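Enquirer: dropping the sequence and predicted coords here.
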Amino acid sequence: MNGFLLPIGGHKGYGLALVVDLLAGLLSGAAYLTHVKSWVGSPEEPQNLGHYFLLIDTKWLGAADWLSGRMNDFKEILHSTPPADPNSPVLVPGEIENRNLSRARREGVGLDPSLLAKLQAFAERASSA
């Protein structure tokens, strides 16, 4: 579909893709639908991509405990869904990143020995200057 978001999830995915393109493309003044340049066919041309941000003050929706309970239920339903690939469980956005952050805080961040040597040499030069 030359430059358009490939819809997923049948008619609901198609509708979601249209809303995203309306908000982030058409209403933001950026390119939309077939006006979006292909980054494959024309990587040197500006894409003119737009962005749309929505902020929701959840205090207006209900108590924090109520919303937290519903969010946890939502997550548990997703996690209990049989995955398409039994070796890849269903995850929620940010779950992998949060696991990696927890591991890095617990174990530190691994560095290639050659990069570590360069950083140590740079630190020595900076401290003696």
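Expert: Ah, there it is. Numbering: from 1, shown residues only.

Enquirer: mind listing the helices for this protein?
Expert: 10-21, 64-79, 95-107, 113-128 (DSSP state H).

Enquirer: and the contacts of the last one?
Expert: Just to be clear, that refers to helix 113-128. Helix 113-128 is contacted from outside by L111, using C-beta atoms under 8 Å, 6 or more residues apart in numbering. Just so you know, the C-beta spots here come from the backbone N, C-alpha and C atoms, and that holds for glycine as well.

Enquirer: show me the shaky parts of this structure.
Expert: Applying pLDDT under 70 to the chain flags residues 1-11.

Enquirer: re the thing from before, nearest to L54, of the helices of the chain?
Expert: helix 10-21 (11.0 Å; C-beta to C-beta).

Enquirer: returning to that earlier point: deepest of the helices of the chain, which one?
Expert: Stretch with highest mean neighbour count among the helices of the chain: helix 10-21 (a mean of 13; mean count of other C-beta atoms under 10 Å).

Enquirer: so what does that helix touch, helix or strand wise?
Expert: When contacts are defined as 3 or more C-beta pairs under 8 Å, 6 or more residues apart in numbering; DSSP states H and E, helix 10-21 packs onto no helix or strand at all.

Enquirer: turn the helices of the chain into JSON lines, including distance to D57.
Expert: Formatted as JSON lines, those follow (distance: least, C-beta to C-beta, whole Å):
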{"stretch": "helix 10-21", "distance to D57": "21"}
{"stretch": "helix 64-79", "distance to D57": "12"}
{"stretch": "helix 95-107", "distance to D57": "24"}
{"stretch": "helix 113-128", "distance to D57": "43"}
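
Enquirer: between those, which one is closest to P46.
Expert: Among the helices of the chain, the nearest to P46 by C-beta to C-beta is helix 10-21 (17.7 Å).

Enquirer: okay, that closest one in CSV with CA atoms only?
Expert: Output of helix 10-21 as CSV, limited to C-alpha atoms (Å, rounded to 0.1, in the frame of the first residue of the first chain):
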residue,chain,number,x,y,z
GLY,A,10,-9.2,-6.8,10.4
HIS,A,11,-11.7,-4.0,10.3
LYS,A,12,-10.7,-2.8,13.8
GLY,A,13,-7.0,-2.6,12.8
TYR,A,14,-8.0,-0.8,9.7
GLY,A,15,-10.0,1.8,11.7
LEU,A,16,-7.2,2.2,14.2
ALA,A,17,-4.7,2.8,11.4
LEU,A,18,-7.0,5.4,9.9
VAL,A,19,-7.4,7.2,13.2
VAL,A,20,-3.6,7.2,13.8
ASP,A,21,-3.0,8.6,10.3
